[in-house]
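# Okay, sequence plus prediction incoming.
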Amino acid sequence: MRIEMTRRLLAEGILPSPAPTEDVGALQKRLEALKLDFAAEGLSDLLTTSVKESWNASQFLDALLRLELERQEERRIQQALKISHLPTGQAISNFDFAFQPSISRSKIETLATCQWIAENQSLLLQGPPGVGKTHLAVSLGVRAIESGFSVCFCLIDELLHQLKKDAEISPTRLKHKKYMASSLLIVDEMGYQSFSRDEANLFFRVVNYRYQRGSICLTTNKSITEWPEMLAGDEVLAGALLDRLLHSAHVLNIQGRSYRLRELKEHLTSRKERGDTPATSS
Ligand code: ADP
Ligand code: MG
């Protein structure tokens, strides 16, 4: 307990060995002293409900503890989502599996249990633009946080930028970096740009360090055969990297139409049906 809190409790007669009290204010202070702030806040309402519903002591205590636990959990998830840099608004529940038949719903549901993260496995989401790679990676990242894992999301450009900045730091400091220490590292948009030799080496260092220590999820438009070319033409390095990455990996090859283009097509069709004409021709 913090020393200021102790002094306050002593001054207010709540410590050291007070008589049992019915004073709600004093009860709230005890809860706050134990850092049960949500329980303190909800105490008064729960006491009212408990009288109304004729709860016994166990039922009341259970309701109070559950309130605290649920709120603490909500706060943890909010903070972890913020730290992870995961984009918002993408969830498995709003993924249209009917639109993308090459993705098995049951495979995604199995991945959503996060067992693969508990086992430090990797996930490779491969396919052309717009097929939902980022959407699925983000959704699984959110699930990971909800299941109690730490997540670090970044675009490959951002990761390489950070890796160059951290190139000279000591191994001890390096292993505390979020991209090394998180349970799940999601790297989005690999393959749009080739790596320089330095970048390929720096990226290899991450994959190598995380091998069997943490999970990696990569999204890419490149097939595995194109990786040597993407990694500065270094076949040896690409082989070593893929060896670690694919040692125990789930590979989802998404072949299908772009959802982005579908949205565009629908937008254009509805404009045509409404008889809208392009601004330039009016
Ligand atoms: P990729 O990363 O493969 O280029 P995205 O995941 O960024 O594609 O998808 C592009 C947009 O389309 C995003 O807004 C995403 O939420 C949406 N999207 C893609 N596939 C689906 C789908 N099957 N169901 C619902 N939304 C989808
Ligand atoms: Mg993407």
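Thanks, I have it. Ligands and ions are numbered 1, 2, ... in the order given.

# Residue numbers of the protein in contact with ligand 1?
90, 95-96, 99-100, 127, 129-135, 219, 259-260 (Cβ under 6 Å from any ligand atom). Placement of C-beta: from N, CA and C, glycine included.

# Of these, grab the buried ones for ChimeraX.
Of the residues of the chain next to ligand 1, the buried ones can be selected in ChimeraX as follows, counting by 16 or more other Cβ atoms under 10 Å:
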select :90,95,100,127,130,131,132,133,134,135,219,259
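
# burial measure for residue 227, as a count.
20 (other Cβ atoms under 10 Å).

# likewise the one 3 residues further on?
By the criterion of other Cβ under 10 Å, residue 230 has 18 neighbours.

# all numbers from here: first residue = 610
Understood, numbering begins at 610; the last thing we discussed is residue 839.

# Do I have it right that it meets residue 808?
No. Counting by Cβ atoms under 8 Å, residue 839 does not reach residue 808; the two are 10.3 Å apart.

# and residue 794, backbone torsions?
phi -110, psi 120 (degrees, to the nearest 10).

# ditto for the one 5 residues further on
With angles defined as degrees, to the nearest 10, residue 799 sits at phi -80, psi 140.

# Give me the neighbour count for the residue nearest to it when sequence neighbours are not counted.
Spatial nearest neighbour of residue 799, excluding adjacent residues (Cβ to Cβ, 6 or more residues apart in numbering): residue 829 at 4.1 Å. Counted with other Cβ under 10 Å, the neighbours of residue 829 add up to 21.

# Residue 829 and residue 848: what is the separation?
Noted for residue 829: a distance of 17 Å to residue 848, by Cβ to Cβ, to the nearest Å.

# Kindly report the same for residue 818.
18 Å.

# Neighbour count for these two, which is higher?
Under the criterion of other Cβ under 10 Å, the comparison of residue 818 against residue 848 puts residue 818 first, with 18 against 12.

# Return the residues in contact with the residue of the stretch 760-891 of the chain found nearest ligand 1.
At 3.2 Å from ligand 1, residue 868 is the closest residue in the stretch 760-891 of the chain, using Cβ to the nearest ligand atom. By Cβ atoms under 8 Å, 6 or more residues apart in numbering, the contact set of residue 868 is 705, 708-709, 739-741.

# do the same with residue 854
With Cβ under 8 Å, 6+ apart, residue 854 has these contacts: 731, 733, 816, 825, 827.

# which ones among the residues you listed are found in helices?
residue 816 (DSSP state H).

# for the contacts of residue 854, which one is nearest residue 679?
The shortest gap between residue 679 and any of the contacts of residue 854 belongs to residue 825, at 31.6 Å (Cβ to Cβ).

# Tell me the bridge partners for that closest one.
Beta-bridge pairing for residue 825 (DSSP bridges): residue 794.

# Counting residues, which helix of the protein comes out longest?
Using DSSP H to define each element, the chain has its longest helix at helix 666-693.

# packing partners for the helix or strand following it?
For helix 666-693, the succeeding helix or strand toward the C-terminus, using DSSP states H and E, is helix 714-720. Judged by 3 or more Cβ pairs under 8 Å, 6 or more residues apart in numbering; DSSP states H and E, the packing partners of helix 714-720 are helix 742-755, strand 858-862.

# Can you give me the domain assignment for this structure?
Per automatic domain parsing, the structural domains of the chain span 612-692, 701-870.
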